[in-house]
Every structure is written in C-alpha cells, then in structure tokens.
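Trainee: Sequence first, predicted model second:
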Amino acid sequence: MSATLTSPPKIVRRNHVKPREIPGKIAVWTVMIVFAIFSVIPMLWLILAPSKTQRELQQLPPISFGRFQGYVDSWNNLLVFQDGRMLDWIFNSIWYTAVQVSVGCVVAILAGYALAATRVPMRRTLLITTLVAMIVPQVAFVLPLFVQITALGIYDTAWAVILPGTFFPFGVFLSYIYFTSTIPTELYDAAKIDGAGDWGTFFRIALPLSKGLLGMLAFFSFQVNWINFFLPYVVVTSGEVLTLPVGLGILFSSTPALSPQVGANVLPIRAPEIALAGMLIAIPILLVFLASARLLVRGVLAGSVKS
Amino acid sequence: MGAPDITSGAPTVVVTSAKAGIVKLKAGTAARINGILMFLPYFVLLVMFAIIPIVVAFNVSIGPSRLSPDGGLGNYLFVLQDFRFLPAVINVGLFLAIYLPAMLIVVAGLSLLLDTVNMKYTVPIRLAYLVPAGITGSVAILVWYFMLEPSYSPFAALFAEVGWTEGTDIFNTSNLVWIFALMAFFTGAGNWIVIQYGSLQSIPDDVLEAARVDGANAFQMAFQIKLPLIRKYLVYMLILVFAAGLQIFVEPFLISSSVYPGLAKDWSLNQLSYTLAFTGGNLGAATALSMMLMFVMITLALITIYRTDFFDEAVVRAKKGEAK
C-alpha cells in the first residue's frame, strides 16, 4: 500500500488544440486574465503607495514607483504616532495570531479525527453543533462574547482576543471531512488490524497524511484571526493590547490621513503612511498563502486506493 | 468499517472466538475514552466561546433593563420599534441582493473557465485571484477609499467618463450599498473561485473522460456534467456568503468614523447593535438585536443541515458510526 501512496497521480489530458477551438480559448484566457489584473491592481497600488509622498500620490500615475526612501520616511512618520504605538500593534498581532493558529489547528485536527475515526459519544449531536457554529459567522458572536469576556474578567487583556480565536469549528469540519473521505477509511482499519491504537493510528497514519489539511487549517485560521476587527475592537481598548487591524482603524479616525480635518498640523501621517500600515496587514496574508499554496494542490492521495 | 473491531491501543492480536466478546468490549471502551480525550479541548472552547455566550446574552436580552424593568420581550419590542431598525434591514437586504447573485455568477463562471485549461498553466492566474483576500476588513476600507477617490484612483479616467470627478460623486448615501457590495465581492470572489475550482478538480477523471468519449463539447461538459456536480458547493457558498453579509459591520462602521463622518451611521444591523450597546449604553436592546440575528443565523444553519443535501453524507456517516 505504501508503494501506491507515493506514486504520482495520473493525469490524462489531451494537449493538442484544434483550430476551431482557438477563438474559444482566446475568449477564455481573456476573461481569466482581465479578472486577474483587476484582482491585483488594488494590492499593487497598496504596495507602491508608501514609496511616494502625499503630493506624488496624487500627481504621479497611480501605479508607479516613487523611491525606496519613501518607505523609510513613511515608517518613521508612522512611529511618531503615540511614540511608536505601531510596534506594539505589530508585535501583538503576530503573537496573538501565532497562538490562535497553532492552538486552533491542533484542537481542530484532534476533534475532527475524534469525530471521524474514534467512538466519541453523541457524535451526531457534536457534529451538528459544530456545523451550526461553523455556519453562524464570527461577527454574530461578538456581542455575546463581549458579555462573556466581561464576566470572565479578561476584558481589555490579550486573552480576550486570543481565546475566542482558537475556537475553530470550520477547522473541525474540514478535518472531519478530510479524515472520512480524502483519507480512505481502509487505511485506519488496516492500521487497527495491525494493532495500532487510536493515538497510534492518528500519529502514524492520519497525521503524516494530513500535511495538506494542516496547510489549509493554518491558512484559514490565520486569515480569519489576522484581520479580525470587530471582536478586538469591542473587547480591548488600551492602546498597548490592540491589534494591527484595529490600530489601522484608529489611524483612520485620529490622524489626518483620511480625515484631513483631524490634527493636520500635528501628525505627519498622511496617505503614504496609512498605506504602509495597511500593507503591513495585507502582505502577511499574501505570504502565508504563497507558503501554503503548494499544500493546497490536490493529488496528495490521488491513486492511493484506486485499483 | 466492517473489519474486526480491534480499536484499543493494546496489542490484541490473538482474538480467539472465546475471548472475542470481551476484547471487543474493552476495545470499545478504550476507543470511547480516546475519542473523548481527543475531542475535549475543542469541546471546552465550544462551550466557553459559543454556547455559554449565547445563553448569557439571551438572559441579558430578556432580563430587566432601563427600558423594560420587568424584563421579558421589552428589549425586543424596543429594537423593532427603533426608527433605525427598518432602514438597516433594507440596507442590508439591498446589499445582499447585489452581492449574492454577483458572487454566484462570477465564481461559477470563472471556476468553470479555469477548469477548461490544464491546471499547470493557470497557477499564476489562481495566485492573482487570491491576492484580494489580503485586502479585507479595515484594509479593505483603506484601499477601496483610494481606489474610488478620484484624486488617487487608478480608475480616475474611467470615473471621469461617467462624470465622477469629486469624492462626493462616489461616496454618497445612494452609492453606499454598491460600494459595500463591491468591497465584499472583491474580497471574497477570488478565494471562492479557487475553492470551487478545487471542487471541480476533484471530479473523477473517468467521469469526465466518459463524457468526452460520448462526444460532449465544452459547454455540455460545463453545464451538464460539472455544474450539477458542484451545485451543492455553490449553494453552500451562498449560505456562508449570506450569513456573513447579513452581519456586515466593519465597512460601514469605518467609513463613518473617518473619511466621511456619519455617512453610513447605523447603516447595518450590527452597527445598530453596536451603537445601542456602546453609545446608547443599552446592552439589553443590543443583545436583543444580536439574539434576533443569531436566531436567523441558527435557523439558516439548521435548514442548511437538515433541508439541503450538503451535510447529508457527513451526518449519515456520523450516525452510522454511532450506531455501531
């Protein structure tokens, strides 16, 4: 069985193009590429914006590069805001998310496996509760969570943001589906016949085959937690425990960047500076995707059980 | 799973017919305990950060408050009669009426198009589609402000063609629903295209090969074979997108707190809930509104689970495992 597991998936595709198919192909590629260009323009603008000065942003073509010094200047100007508060926000966002992703994924993968391959009691009820929690968006929980967090006495602490973020029902469901369908159940049965227990089967069979799943879980958990705005906005208020996305919201309202009427003569924070702050939030999401993109491709298991 | 039931960690290799019953029983208990241990951490989080908050918030919503000293449904009536409630319902309804069909058409269309091309050629395109996912939440407001403000926008020339030369030509009350729909669409569409493309990729090659051998052309393949096979994933997407859209908060909230102060004040239901709780100091009414939204969400979730076929397989499988 191990031999078939590692064999590459067979992909049968015909590559030759008939002449009458050419107009169709051109149309298909045009639509796909135009949508791709529109997808990239806002990010491209965001990445280029801090290289320019406020004046250049309005005078140079929107998609153009200023100078590298622009990033340095924008960064230094951002640090002026509340004596380097940006650094706190960056640090907080990184460590909060790191805890949320690692704890969330471990918890989710274990629970998903328990539902899929062990005899946890009330399996159906637990699964349905998870499905409900997964479909109800996080935002719907914000006010109830605010009440709960106040009752727990963790209001305005890092844990008020971190702990709710480790609850990851979508991850549990993804793991459950993965362990019941993508990994053939024959594999667990085989392992169990060979005498491996539940934990043994999990660590030696299920987990090593779950790199793709882990990549997906980490990706989704990161994406949700890194940009989360509403909950942190409501459950923490002190500048030193805030996260980057909420900090960006504060820059909106308390600097002249988007609201020229606010403190125009005091703070050097204008469009390039706020774009740099936005870029610091957006770039990690891109990088994390690039890092897990390889894992998101299908084919990890293709052909393992096909006779 | 018709195999022998040896699921414990003990090396129970020797299963004679006499001992089989006892070993099976022990194995069952051990498997149950292992299952509980594996599930426990998640269960604690589920109780702490989903179930208890809902129960507590519900109690606050029907508890005594300034407006309804006796508790009961007073807070709910207060919200329903609030002058901001109906406009918020209409705003969010219009927003969904634009956002949902746009998502369905574009996501289904582009994922089917991607699937007509060998996957190795579309890698850069799929990466490009995922780029807007980085522009979400507060960053989305930031970027789309600049994308739409004529003095900064890469599309300024385009806007000038239709006569939009001032920020206020674009950022005004009647355009808000379109702006928010555009932001939401743009943030999610690319992501979903790649996900739906993934489900198209999981259609077994032999099904497609069979259709091809039968002489199906590209359109027949797309509409008669592939689309029906991913239909339920599209339905599922719509449900999630609807649920998220109904809860819209960040976009109208941030636009009102900066660039155009008050432009979209109390525009969405969640904003109203926020205002009631943190500006009006009326937590009872805020949780009442929050509970009404939660009720809609849970009903929707239960309909999805019991009235669509999306989770049938998963639930049936769980049931089967339970009965064993």
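Mentor: Sure thing, it's come through.

Trainee: can you give me how far the lengthiest helix in chain A is from the chain middle?
Mentor: The single longest helix within chain A, with elements called by DSSP state H, is helix A:85-117. Relative to its chain's centre, helix A:85-117 lies at 11 Å (CA atoms, centre = their mean, to the nearest Å).

Trainee: And the next helix or strand after that helix, what does it pack against?
Mentor: Remark: after helix A:85-117, the chain's next helix or strand is helix A:123-135, criterion DSSP states H and E. Using 3 or more CB pairs under 8 Å, 6 or more residues apart in numbering or on different chains; DSSP states H and E as the contact test, the elements touching helix A:123-135 are helix A:85-117, helix A:169-177, helix B:20-46, helix B:227-246, helix B:283-307, helix B:312-323. C-betas here are computed from N, CA, C, even on glycine.

Trainee: right, so those: which one is the most enclosed?
Mentor: Among these, ranked by average contacts under mean count of other CB atoms under 10 Å in any protein chain shown, first place goes to helix A:169-177 (a mean of 24).

Trainee: quick one: average pLDDT of the very next helix or strand once past that helix?
Mentor: Tracing the chain C-terminally past helix A:169-177 and defining elements by DSSP H and E, one meets helix A:185-193 next. For helix A:185-193, the per-residue pLDDT values average out at 79.

Trainee: Equivalent analysis for stretch B:269-284, please.
Mentor: For stretch B:269-284, mean pLDDT rounds to 90.

Trainee: now swap in stretch B:39-48 and tell me
Mentor: On average, stretch B:39-48 scores 96.

Trainee: Any part of that stretch near chain A?
Mentor: Yes. Judged by CB under 8 Å from any CB of the partner chain, stretch B:39-48 and chain A are in contact via B:39, B:41-43, B:45-46, B:48.

Trainee: Work out the gap between that stretch and the centre of the chain.
Mentor: The chain centroid and the centroid of stretch B:39-48 are separated by 22 Å under CA atoms, centre = their mean.

Trainee: Spit out the contact partners of the residue lying closest to residue B:52 once chain neighbours are set aside.
Mentor: Computed as CB to CB, 6 or more residues apart in numbering or on different chains, the closest residue to residue B:52 that is not its neighbour in sequence is residue A:148, at 6.0 Å. Applying CB atoms under 8 Å, 6 or more residues apart in numbering or on different chains, we find residue A:148 in contact with B:48-49, B:52-53, B:56-57.

Trainee: Next SSE downstream of the helix or strand encompassing residue A:148?
Mentor: Here residue A:148 is covered by helix A:142-152, with elements defined by DSSP H and E. Sequence-wise, the next helix or strand downstream of helix A:142-152 (DSSP H and E) is helix A:158-166.

Trainee: Can you tell me the centre-most residue of the chain?
Mentor: Went with chain A since none was named. residue A:223 (1.7 Å; CA atoms, centre = their mean).

Trainee: I was thinking of chain B, sorry if that wasn't clear
Mentor: For chain B, the residue sitting closest to the mean C-alpha position, by CA atoms, centre = their mean, is residue B:240 at 2.9 Å.

Trainee: so does stretch B:120-136 get close to chain A?
Mentor: Yes. Stretch B:120-136 lies within reach of chain A by CB under 8 Å from any CB, at B:122, B:124-125, B:127-136.

Trainee: export these to CSV and tack on pLDDT and neighbour count?
Mentor: Listed next are these as CSV, based on pLDDT from 0 to 100; neighbours: other CB atoms under 10 Å in any protein chain shown:
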residue, pLDDT, neighbour count
B:122, 85, 21
B:124, 87, 10
B:125, 90, 20
B:127, 84, 18
B:128, 89, 20
B:129, 89, 26
B:130, 83, 20
B:131, 86, 20
B:132, 88, 25
B:133, 80, 24
B:134, 81, 27
B:135, 87, 27
B:136, 84, 27
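
Trainee: Helices - which of the residues you listed land there?
Mentor: Members of these lying in helices (criterion: DSSP H): B:124-125, B:127-130.

Trainee: can you tell me which of those residues lies nearest to chain A?
Mentor: residue B:128 (3.8 Å; CB to the nearest CB).

Trainee: ok, now how distant is the closest one from residue B:174?
Mentor: Distance, residue B:128 to residue B:174, by CB to CB, to the nearest Å: 32 Å.

Trainee: do the same with residue A:240
Mentor: In terms of CB to CB, residue A:240 sits 41 Å off from residue B:174.

Trainee: Show me how far stretch B:196-216 is from its chain's centre.
Mentor: Chain-centre distance of stretch B:196-216: 28 Å, with CA atoms, centre = their mean.

Trainee: What residues does the stretch 201-307 of chain A have near chain B?
Mentor: Applying CB under 8 Å from any CB, one finds that the stretch 201-307 of chain A approaches chain B through A:202, A:223, A:227-230, A:234, A:245-246, A:248-249, A:252-253, A:258-259, A:271, A:274-275, A:278, A:281-283, A:285-286, A:289-290, A:293, A:296, A:298.

Trainee: again, only this time at 7 Å
Mentor: For the stretch 201-307 of chain A, the contact set with chain B under CB under 7 Å from any CB of the partner chain comprises A:223, A:227, A:229-230, A:245, A:248-249, A:252-253, A:258-259, A:274, A:278, A:281-282, A:285-286, A:289, A:293, A:298.

Trainee: Which residue ranges make up the domains of chain B?
Mentor: B:1-62, B:85-265 (automatic domain parsing).

Trainee: State the mean pLDDT of stretch A:97-108.
Mentor: For stretch A:97-108, the per-residue pLDDT averages 96.

Trainee: show me what contacts residue B:244?
Mentor: residue A:137 (CB atoms under 7 Å, 6 or more residues apart in numbering or on different chains).
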